[in-house]
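Student: quick one: sequence plus predicted model below, questions after.
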Number of protein chains: 2
Amino acid sequence: MVISKRMFPLLAGSSAIRKLFEEGKAMAKEVGAENVYDYSLGNPSVPAPELVNESIKDILDNMDPLVVHGYMSNSGFEDVRKDIADDLNRRFGSSFQTDDIIMTAGAAMAINDVLNLFLDFDDEVIAFAPFFGEYRNYVKMAGGELKAVPADTKTFQLNIDALDDVITEKTKLILVNNPNNPTGAIYSGETLDRLQKAVEKAEKRVGHPIFVISDEPYRELVYDDNVLPYLPDHIKNCLIVYSFSKSLSLPGERIGYVAVPDQIDGYDEVKNGLVVTNRIGSVNAPSLMQLAVRRCLNEKPHIEVYDSNRKLLYGKLTELGFECVKPQGAFYLFVKSPIDDYQAFVNEGKKQHILMVDAASFGCPGYVRLAYCVSPDMIRRSFPAFERLAQAMKAYKD
Amino acid sequence: MVISKRMFPLLAGSSAIRKLFEEGKAMAKEVGAENVYDYSLGNPSVPAPELVNESIKDILDNMDPLVVHGYMSNSGFEDVRKDIADDLNRRFGSSFQTDDIIMTAGAAMAINDVLNLFLDFDDEVIAFAPFFGEYRNYVKMAGGELKAVPADTKTFQLNIDALDDVITEKTKLILVNNPNNPTGAIYSGETLDRLQKAVEKAEKRVGHPIFVISDEPYRELVYDDNVLPYLPDHIKNCLIVYSFSKSLSLPGERIGYVAVPDQIDGYDEVKNGLVVTNRIGSVNAPSLMQLAVRRCLNEKPHIEVYDSNRKLLYGKLTELGFECVKPQGAFYLFVKSPIDDYQAFVNEGKKQHILMVDAASFGCPGYVRLAYCVSPDMIRRSFPAFERLAQAMKAYKD
């Protein structure tokens, strides 16, 4: 073994989702892409708004290439950050300044920046199950350990009652994903208020601040009359991580930011520190994309496309007797395995060429995640396969 | 203090170069940009070749936006990696396959990927002084410690004789930068052969492989008849890190790769492992830029522009009596402080509005680095300032 002891287990485990994605590619070669029902990956099915490409072309035609493709301050172009701060302030009544926004190479980099800034070796980060499985790897790579709070499978809100047992003197951060991947749940203002109370209590016990990081790439993907609470209204020590991957359908481009509210403990230290960890991590966020998203801050995602998919899939699966969490946001459906042997459920799905992610990797075994950011046509074509899967499940139970 | 103990010192130190860059911006506001001679930053002065922007526009006009801006395999688009492998094979007689190339968000990310894969907590990485100062921070953030081999200030080749004393059982990697930033030296094939012998000997002593990472963003920036040796011809356990920042003038875009030769120990483990650390670090390299650089692999940098700058600045400074390393590659001039108090030299430079980077941050105090990727006009305008600086230095010595 030439690689490190700490990374070796991560290689073996790799990403369950990505593995499934590769399996799907192989399956498609075998039976034809149209006969594979790939619900594995959160890759938006709605193309980027036309304004993105128009903006890029206009930038290339009219701006100095040395600026467009060159280095800027490590936190990003000043005018990009100012416009994002102003946009947030307009929408949420916040008071972000230019320097409170640090542009990053996507939300992954933003989370890494935060972890690298806060964690000493062996420190702990808490996530509420079910959580995006990659969080565990981010924390591990930054030298820490992720500790999971068991899921509240009744409400799929944050299981605050179980939090205090998991917080130790090594706990530095709590990672929250709102709206949640993989459940589609939105954590309510009331839930966040309860989180703040629990954190305050724990901070007194452990003797240091515990920051809540809210990972909000699905912030604009919210259904019905649901409203995503504005985190700093509820949590004192918080940081907001954002990505344009889902709202502007730019997941491959790696463009996002961290927003630092001035109400936090150690405000200057954190703000300046994130610029440093961002610089060491990737120097700066991709320059052309920074300039492009700046011009698209008023674009709205085509939520109606995802909403129609949501209704289609949720309707069919509940009709077939599957127990599903009704998504309030994001584009994932969280489905309970009808049988105790949830791995058999996932494998029976694969036999029907349905790719579902086993939620064990989200810290919530017994469930699967279906990403419905796919074509409505694929959803409809998958219905007979789901019918066969439901039948197969009945046979298991009998 | 809310941030980690390990990052706190890095914040205080921050990047000397970036600090100077910001000082320069302030100075320009005060005395006018045309009166500041900013030699601080390696930001290419030659714009990206037109083919870059043409390619981007063509990609946007003719490819599916879901592909252009979407997720791909974490190692990058297959056809991009294949074309890069083929290009390397054609130029260097190597035998890279598609999967030996992992596209990264620039060389910084590539180095982080390697460090994160190889280092356990407290492991050591060796760099030969003078080295790019940021290496120390990359290593620190990955949980390791950088150990410096003192510079050979006679030849500015790798100080192989001093290497063995620095290698311990914790040593996992040796970081080499060829052509070197900050000296412009090219490490010869002979030097690399000596390195291989020293590493082999040390590997026997410590009982595990020690990999040499060659950071080669300046590979195409080589002057006169100098030839950059092809690393795997000389070093068995090596990885090549590359960035398009300098050759295509795209430093802000963060696009590069790691190339994994199949001759290394643990080939599969390393190749697959890098895909995982790259995924955890930033998911994938920016997608549009991957597609764009693919079309620009045959572009040549305008080396004649940098060469003319090199001759201009080197000529004037040696004429004024400054002792300089004659650059064989890259776009940096390494100048010896005429006085023992090298910080006074840097400060006298600032009084003349000349921004030079104190090479103490490169592990080589007593020298400064001048980045001559600037306009020839700025170089000429700076000559009277250098004359005054030379005078001031004489006064110091008297």
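Tutor: It's in. Residues are numbered from 1 along each chain as shown, chains lettered A, B, ... in the order given.

Student: so where do the helices sit in the stretch 251-398 of chain A?
Tutor: A:267-282, A:287-294, A:303-319, A:342-351, A:376-397 (DSSP state H, counting those that start in this stretch).

Student: for chain B, which of those helices is the nearest?
Tutor: For these, proximity to chain B was assessed by CB to the nearest CB; helix A:287-294 is nearest, at 3.0 Å. To be clear about C-beta, it is placed using only N, CA and C from the backbone, and glycine gets the same treatment.

Student: check whether the closest one comes near chain B.
Tutor: Yes: Helix A:287-294 lies within reach of chain B by CB under 8 Å from any CB of the partner chain, at A:287-289.

Student: if we can go back for a sec, just name the most buried of the helices of the stretch 251-398 of chain A.
Tutor: Across the helices of the stretch 251-398 of chain A, averaging neighbours per residue (mean count of other CB atoms under 10 Å in any protein chain shown) puts helix A:287-294 on top, at a mean of 25.

Student: tell me what that one is packed against?
Tutor: Contacts defined by 3 or more CB pairs under 8 Å, 6 or more residues apart in numbering or on different chains; DSSP states H and E place helix A:287-294 against helix A:50-62, helix A:65-68, helix A:78-92, helix B:287-294.

Student: okay if I get those as CSV plus mean pLDDT and distance to residue B:393?
Tutor: Converted to CSV, those look like this (pLDDT from 0 to 100; distance: least, CB to CB, whole Å):
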stretch, mean pLDDT, distance to residue B:393
helix A:50-62, 98, 45
helix A:65-68, 96, 33
helix A:78-92, 97, 37
helix B:287-294, 98, 44
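
Student: give me whichever of the ones you listed is most buried.
Tutor: Ranked by mean neighbour count, the helices and strands packed on helix A:287-294 are led by helix B:287-294 with a mean of 25 (mean count of other CB under 10 Å).

Student: picking up where we left off before, make TSV out of the helices of the stretch 251-398 of chain A and add distance to residue B:131.
Tutor: As requested, the helices of the stretch 251-398 of chain A are exported to TSV (distance: least, CB to CB, whole Å):
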stretch	distance to residue B:131
helix A:267-282	15
helix A:287-294	26
helix A:303-319	49
helix A:342-351	49
helix A:376-397	52
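
Student: re earlier: quick one: closest of the helices and strands packed on helix A:287-294 to residue A:222.
Tutor: Closest to residue A:222 of these, according to CB to CB: helix A:78-92, at 12.9 Å.

Student: neighbouring contacts of that closest one?
Tutor: A:72, A:75, A:94-103, A:230, A:257, A:259, A:290-291, A:293-294, A:297-298 (CB atoms under 8 Å, 6 or more residues apart in numbering or on different chains).

Student: skipping adjacent residues, who's closest to the residue in the stretch 1-150 of chain A positioned nearest to chain B in space?
Tutor: Nearest residue of the stretch 1-150 of chain A to chain B, counting by CB to the nearest CB: residue A:2, 3.6 Å away. Leaving aside its sequence neighbours, residue A:2 sits nearest to residue B:266 (CB to CB, 6 or more residues apart in numbering or on different chains; 3.6 Å).

Student: show me which of the residues of helix A:287-294 next to chain B is closest to residue A:276.
Tutor: residue A:287 (19.1 Å).

Student: and that closest one, what is it in contact with?
Tutor: A:68-72, A:77, B:252-253.

Student: hmm, try it at 7 Å
Tutor: A:68-70, A:72, B:252-253 (CB atoms under 7 Å, 6 or more residues apart in numbering or on different chains).

Student: buried members of the contacts of helix A:78-92 into PyMOL, please.
Tutor: To isolate the buried members of those in PyMOL, using 16 or more other CB atoms under 10 Å in any protein chain shown:
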select buried, chain A and resi 72+75+94+96+98+99+100+101+102+103+230+257+259+290+291+293+294+297
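
Student: still on that earlier bit, of all the helices and strands packed on helix A:287-294, which one is nearest residue B:219?
Tutor: helix B:287-294 (14.1 Å).

Student: separation between the residue of the stretch 1-150 of chain A closest to chain B and residue A:142?
Tutor: 22 Å (CB to CB, to the nearest Å).
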